[in-house]
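Dropping a prediction and its sequence here:
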Amino acid sequence: MQFRHKALSKLQSPEELDLPVRFARPQGRLVLAVTVVVMVAAASWAFTGSVSSRLSAPGILSPAEGGYLLQSPYAGQVTAVHAKEGQLLAPGAPLLRVSTEQGERTVRAVAGGRVTALVARVGAVVTTGADVATLERVENPDDPLVAVLYVPAASGAAVPVGAPVDLTVQSVPQQRYGVLRGRVKDVGRTPQTAAQIGGFLGDGRLAARFTRQGDPVQVLVQLDRTPRTRSGYRWSSAEGPPYALDSTTPVTGAVLLSAQHPVDWLLP
């Protein structure tokens, strides 16, 4: 009976419609607003933002035309050396004189360039085909250098022409002078064998190092020029190192690949 009287009393009382209804506390509304803003920003970034990735590859500083290894076409003893390291030679210029059974013979530069290494010295006995010198294919001592990177063949297609490249130069302290700046000028179409790399660089030992993981693709990087630095090239630091760069200096290039939208990962 007690419960019945309470129920009848409840039915006879007017509804309390004039009392305010609190849906959420102010703190709750703030949290809700922040959550909505974060979700909208994340969705917008997923469709309009981008994530960049970098491809790292070893390489070397070199003249744009590379170099070549000069070999002796004669067998005999070297009796004179007509050039010195660092000298710029014209095509056909005399390099060595070799005493053979047929008389004195002259070993000449096949193509013009700068002598970077002399293997044969006076008194040395050479055989036909022996390495006697290495030359760089340059016409002027001030010809600019390029960076030649050797990228794994499977990654070569991902490297776009014009992509920015940061180059860590082995002979330059990165913590003090930063990295060398450049852009991809050309990407090879086919993998390079050790013989092809050695023929371009004029050094078979370098070719063996770049082909340890298989035949790579050659990527040519044009260095950014500027008169504001001692080296003549642009660095991530204001002035760069206080000295010039030498060819055959090893580098490691970080190529900035094309950016990808995060939503592409979810919707391939």
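Ah, there it is. Numbers count the residues shown, from 1 in each chain.

going forward, measure contacts between C-alpha atoms and count neighbours the same way
Noted.

which one's the longest strand in the chain?
For the chain, the longest strand by residue count, based on DSSP state E, is strand 54-63.

Sheet partners, orientation included, of that one?
According to DSSP bridges, strand 54-63 forms sheet pairs with strand 145-152 (antiparallel), strand 250-256 (antiparallel).

Pull out the CA atoms of that strand and give them to me as PDB.
Backbone C-alpha positions of strand 54-63 (Å, rounded to 0.1, in the frame of the first residue of the first chain) are rendered in PDB as follows:
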ATOM      1  CA  ARG A  54      65.600  10.500 -47.900                       C
ATOM      2  CA  LEU A  55      67.700   8.000 -49.700                       C
ATOM      3  CA  SER A  56      71.400   7.800 -48.600                       C
ATOM      4  CA  ALA A  57      74.100   6.700 -51.100                       C
ATOM      5  CA  PRO A  58      77.900   6.700 -51.200                       C
ATOM      6  CA  GLY A  59      79.700   8.700 -53.900                       C
ATOM      7  CA  ILE A  60      82.700  10.800 -54.800                       C
ATOM      8  CA  LEU A  61      83.500  14.300 -56.000                       C
ATOM      9  CA  SER A  62      84.600  14.300 -59.600                       C
ATOM     10  CA  PRO A  63      84.800  16.400 -62.800                       C
END
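
mind listing the strands for this protein?
54-63, 67-71, 76-81, 88-89, 94-100, 103-108, 113-118, 125-126, 131-136, 145-152, 164-169, 180-187, 216-223, 250-256.

Identify the spatial nearest neighbour of residue 100, chain neighbours not counted.
residue 76 (4.7 Å; Cα to Cα, 6 or more residues apart in numbering).

separation between the one you found and residue 96?
To residue 96, residue 76 is 11 Å away according to Cα to Cα, to the nearest Å.

Looking at those two, which has the bigger crowd around it?
residue 96 (24 against 21; other Cα atoms under 10 Å).

ok, how many other residues are close to the nearest residue to the more buried one once chain neighbours are set aside?
In space, and not counting its chain neighbours, residue 96 is closest to residue 81: 4.6 Å by Cα to Cα, 6+ apart. Using other Cα under 10 Å, residue 81 has 17 neighbouring residues.

Return the distance of residue 81 relative to residue 116.
14 Å.

same check, this time on residue 253
Distance check for residue 253 against residue 116: by Cα to Cα, it reads 24 Å.

which one of these two has more residues nearby?
Comparing residue 253 with residue 116 by other Cα under 10 Å, the one with more neighbours is residue 253, at 29 against 17.

for the nearest residue in space to the more buried one that is not next to it in sequence, what are its contacts?
Closest residue to residue 253 apart from its sequence neighbours, by Cα to Cα, 6+ apart: residue 167 at 4.4 Å. Residues near residue 167 by Cα atoms under 8 Å, 6 or more residues apart in numbering: 179-182, 251-254.

residue ranges with poor pLDDT in this structure?
Low-confidence segments of the chain (pLDDT under 70): 1-34, 37-38, 40-52, 258-268.

The nearest residue to residue 75 once chain neighbours are set aside: how many residues sit nearby?
Of all residues not flanking residue 75 in the chain, residue 127 sits nearest, at 4.2 Å (Cα to Cα, 6+ apart). Neighbours of residue 127 under the rule other Cα under 10 Å: 15.

What's the separation between residue 127 and residue 134?
Distance from residue 127 to residue 134, by Cα to Cα: 17 Å.

got a list of what the closest residue to residue 200 other than its chain neighbours touches?
Residue nearest to residue 200 in three dimensions, not counting chain neighbours: residue 66, with 5.2 Å by Cα to Cα, 6+ apart. Counting by Cα under 8 Å, 6+ apart, residue 66 touches 136-137, 200-202.
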